[in-house]
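Engineer: Build me a model:
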Amino acid sequence: MSNDLSVLSRIDSPEDLKILSIPELTALAQEMREFIVETVSKTGGHLGPNLGAVELTLALHYVFDFLIDRIVWDVGHQCYPHKILTGRKSSFQTLRQINGISGFPKRSESPYDHFGTGHAGTAVSSALGMALARDAMGEDYASLAVVGDGAATEGMVFEALNHAGNASTDITVVLNDNAWSISPTVGGFTGYLNRLITVPAYQKLRDDLWKLTGLFPDDSKRRIRKVAHRFQESVKNLLVPGTLFEELGFRYIGPVDGHSCSALIRTFKYVKTLKGPVLVHVITKKGKGYKPAEVHNQRLHGVGPFDPSKGQPYKSTSKRMSFTEVFGKTLVNVARDRHEVVAITAAMPFGTGLNYFSEEYPERFFDVGIAEQHAVTLAAGMATGGLRPVVAIYSSFMQRAYDQVIHDVCLQNLPVAFFLDRAGLVGEDGPTHHGVFDISYLRAVPNLTCIAPADEPDLQRAVAFAMEHPGPVAVRYPRGSGPGIDLVDKVEPFKSGVGRWMRQGTDIVVIGIGPVVYEALKAASFLEKEEIHIGVIDARFIKPLDESLLQSAMGKARLVVTVEDNVITGGFGSAIHEFLRERKIHHGRIISIGLPDAFIPHGAVNELREMMNVSAGKIAERIRDEYGKE
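Structural biologist: Numbers count the residues shown, from 1 in each chain. I've put the predicted structure just below:
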């Protein structure tokens, strides 16, 4: 990529694209793919989605000026080509690293990033908002939303399309259709898009028209092809009548080859002349241009560092199972003798560990697409019919279904089990994905039992408990592996609201929740060498609390310390403060260690723990300081 003869070396801003020929743009696309693979193999990140969006990104920047025009990338994990073209090529090696560039669009990072994204379904709504603001302010710019990687199955997209078609303002929606989210895209809408792509009569007519008009002289070819394009659109409406998008009020254009720079540029130049809502249907291949990503779409969607020559992740030296694997395999075992157990996910069977369940019990597994709200209420309906639904969703994605958790599940006290993967600090995906609010937003809900296992056997017990408990249960656990405690062969469920001593002590008592308990244990070991003796409790339950254990442990303690990987505001520490104040059983000091009232940046989890003062060393340092105040 450092070769001065390369096209990429000559690109420092989108303006540099506009002087390139089509062959040069095609060469640039391949160089950008190589650059993305080379970088992501070192930093980790979203590989497949970005490789599939290179020509689309080039064409958009070739036709539009996004210092003036507006673009919103739905989900945002297909924005790497956009970042490379918009002045961030030289810093691209810092991708997802502490103090480096984000893996998602970020308004504070560049004037080309018009809207911060990270969750699916927000692009059409925000782009429509920009278009309406433009109209109200009497300004003149194009507003575009690029929707892809399964985000079009998100209910919010349909809500926004419904409004946009009725609003009759100028907005362009680019549907980047690659038939995938993280897993293959599911649902009736996907089948509908496939029918649009595969109408043979229309496809043949389009190809024949293009070849025929290519026979005319260059001076008249453009004018004739413009007329032919209008004719083609009219015939399409006869062959594919009443398309959904046109019924909603959009002008539908496509499908367009998403890997042909010339076809894309021609289409977007035409779209730029149109008024009102327009939807451009672009067909792309996830992982395009890098064989391992084309073949292994799912594995190379989002990756850690990997060997670019093979497309294989570097072998881990750790033999510990991840919490995700423990959950997935335990659920399979628990469900073996319980045929009423069903599992639901929102487009993430592998990310949540439900791939094990789907392979073992396919008829009891439901992937609803990127539709968290529907997933939760679907589970509520199933529970009224006698089933035992398990809903596995990332912590930060469950935020999207909060009303359904309250209104449809907990208000009716239905036996739905929520398993929240990626709780706490998730690392390089950053603030859109950190699961640091769930304790605060879940413990406020009546009827909901909340558990945070500290280790692998306790996650096994939590699964068993959730299958027995007569009401709703939420279980949170982090990304990655646990402390490495051996699994149990015979899984017995918890007793509700029962914690445990991990280390005895009465003068200073640390009460932790989740795997951060093991950080507290390390901190206690550090301080023991300084003859500062600490007891450590694993609360296990966020709600209900183990009142008996807490009363006996804290009645005489001079210092009580709570530790969590959730924001302190409204979190586990707040629950302990409230409990002690209500019971009037503690007259010493109490401090809470957790995450600040701020959005936490991206970076490696161990670096973020240190930065946020929840590592073993930082916990020990805080306790030492407080102990010195005695």
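
Engineer: Could you tell me which residues make contact with Gly514?
Structural biologist: 423-424, 452-454, 476-478, 564-565 (C-beta atoms under 8 Å, 6 or more residues apart in numbering). Backbone N, C-alpha and C define where each C-beta goes, glycine included.

Engineer: Ok, Met502 next?
Structural biologist: Met502 sits next to 454, 517, 521, 536-538 when contact means C-beta under 8 Å, 6+ apart.

Engineer: After the helix or strand where it lies, which helix or strand is next?
Structural biologist: Taking DSSP states H and E as the definition, Met502 sits inside strand 500-503. Proceeding C-terminally, strand 500-503 gives way to strand 508-512 as the next helix or strand, assigned by DSSP H and E.

Engineer: Paired strands for the strand holding Met502, with orientation please.
Structural biologist: Strands flanking strand 500-503 in the sheet, each with its direction: strand 534-538 (antiparallel) (DSSP bridges).

Engineer: for whichever strand or helix holds Thr172, which positions count as buried?
Structural biologist: When elements are assigned from DSSP H and E, Thr172 belongs to strand 171-177. For strand 171-177, the neighbour count (16 or more other C-beta atoms under 10 Å) marks 171-177 as buried.

Engineer: what's the answer for stretch 357-365, then?
Structural biologist: Buried residues in stretch 357-365, counted by 16+ other C-beta under 10 Å: 357-358, 360-361, 364-365.

Engineer: helices and strands of this protein: which one bottoms out on pLDDT?
Structural biologist: With mean pLDDT, DSSP states H and E as the measure, the helix or strand of the chain carrying the lowest mean pLDDT is helix 188-197 (a mean of 52).

Engineer: re the thing from before, so can I have a markdown table of the contacts of Gly514 showing secondary structure?
Structural biologist: Below are those laid out as a markdown table (DSSP: H, G, I helix; E, B strand; the rest coil):
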| residue | secondary structure |
| --- | --- |
| Ala423 | strand |
| Gly424 | strand |
| Ala452 | coil |
| Pro453 | coil |
| Ala454 | coil |
| Arg476 | strand |
| Tyr477 | coil |
| Pro478 | coil |
| Glu564 | strand |
| Asp565 | strand |
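
Engineer: Most neighbours out of the residues you listed, which is it?
Structural biologist: For the contacts of Gly514, neighbours were counted by other C-beta atoms under 10 Å; the highest total belongs to Ala452, with 32 neighbours.

Engineer: Now do the same contact list for it.
Structural biologist: 423, 439, 475-477, 513-514, 539-542, 572.

Engineer: swap the cut-off to 10 Å and go again
Structural biologist: Under the criterion of C-beta atoms under 10 Å, 6 or more residues apart in numbering, the contact list for Ala452 reads 420, 423-424, 438-439, 458-459, 462, 474-478, 512-517, 538-542, 564-566, 572.

Engineer: related to what we said a few turns ago, now a ChimeraX select for only the buried ones of the contacts of Met502.
Structural biologist: With 16+ other C-beta under 10 Å as the burial test, the buried ones among those are selected in ChimeraX as follows:
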select :454,517,521,536,537,538
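
Engineer: My read is that Phe599 contacts Ser396, right?
Structural biologist: No: in terms of C-beta atoms under 10 Å, Phe599 does not count as a neighbour of Ser396; the distance is 11.4 Å.

Engineer: Look at the two and report which has more neighbours.
Structural biologist: Under the neighbour definition other C-beta under 10 Å, Phe599 and Ser396 were set side by side, and Ser396 has more, 22 against 11.

Engineer: where does the stretch 151-300 of the chain have low pLDDT?
Structural biologist: Applying pLDDT under 70 to the predicted model, the residue ranges of the stretch 151-300 of the chain that meet it are 180-242, 297-300.

Engineer: Do you have the helices of it handy? List them.
Structural biologist: 155-167, 188-197, 200-213, 218-239, 244-247, 261-271, 291-295 (DSSP state H, counting those that start in this stretch).

Engineer: Pull the first one out as PDB, backbone CA atoms only.
Structural biologist: So that's helix 155-167. What follows is helix 155-167, C-alpha atoms only, in PDB (Å, rounded to 0.1, in the frame of the first residue of the first chain):
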ATOM      1  CA  GLY A 155     -39.000  -2.600  13.000                       C
ATOM      2  CA  MET A 156     -37.700   1.000  13.300                       C
ATOM      3  CA  VAL A 157     -36.700   0.900   9.600                       C
ATOM      4  CA  PHE A 158     -40.300   0.100   8.500                       C
ATOM      5  CA  GLU A 159     -41.600   2.800  10.800                       C
ATOM      6  CA  ALA A 160     -39.300   5.300   9.200                       C
ATOM      7  CA  LEU A 161     -40.000   4.200   5.600                       C
ATOM      8  CA  ASN A 162     -43.700   4.500   6.300                       C
ATOM      9  CA  HIS A 163     -43.200   8.100   7.500                       C
ATOM     10  CA  ALA A 164     -40.700   9.000   4.800                       C
ATOM     11  CA  GLY A 165     -43.000   7.900   2.000                       C
ATOM     12  CA  ASN A 166     -45.800  10.100   3.400                       C
ATOM     13  CA  ALA A 167     -43.500  13.100   4.200                       C
END
